[in-house]
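Student: sequence unknown, structure follows:
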């Protein structure tokens, strides 16, 4: 399912216009991004938790040349599914 299909499905299930569903989805994504950028986490009960995790600097290898390279530390988004979400997939 891509973004357009998701918007269409949300529109049908919520009984709102497609443009309203798109605005809601965009607002949700922007809010999650802003909250994670501030260093906080977003927990949606029954669905899961979005959080920021730090990856340590490490050594890697260029697969074409085999040369060792330094990979810098960085922050990455993580999603941990909630119990109800995991059970829905069984």
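Tutor: Good, I have the coordinates. Please read all numbers here as calculations on a predicted model, not as lab measurements.

Student: make it CA atoms for all contacts and neighbour counts henceforth
Tutor: OK.

Student: For the lengthiest helix in the chain, name the packing helices and strands.
Tutor: When the chain is parsed with DSSP state H, its longest helix is helix 18-37. Contacts defined by 3 or more Cα pairs under 8 Å, 6 or more residues apart in numbering; DSSP states H and E place helix 18-37 against helix 3-14, strand 42-44, strand 48-55.

Student: Make TSV out of the ones you listed and add distance to residue 67 and mean neighbour count.
Tutor: Below are the helices and strands packed on helix 18-37 laid out as TSV (distance: least, Cα to Cα, whole Å; neighbours: other Cα atoms under 10 Å):
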stretch	distance to residue 67	mean neighbour count
helix 3-14	39	14
strand 42-44	39	14
strand 48-55	21	16
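
Student: right, and these - which one's nearest residue 79?
Tutor: strand 48-55 (4.6 Å; Cα to Cα).

Student: Outline the domain layout of this structure.
Tutor: Following automatic domain parsing, one gets these domains for the chain: 1-38, 41-90.

Student: ends of the longest one, how far apart?
Tutor: End-to-end distance of domain 41-90: 26 Å, with Cα to Cα, to the nearest Å as the criterion.

Student: Repeat that for the first one.
Tutor: In domain 1-38, first residue to last residue: 29 Å (Cα to Cα).
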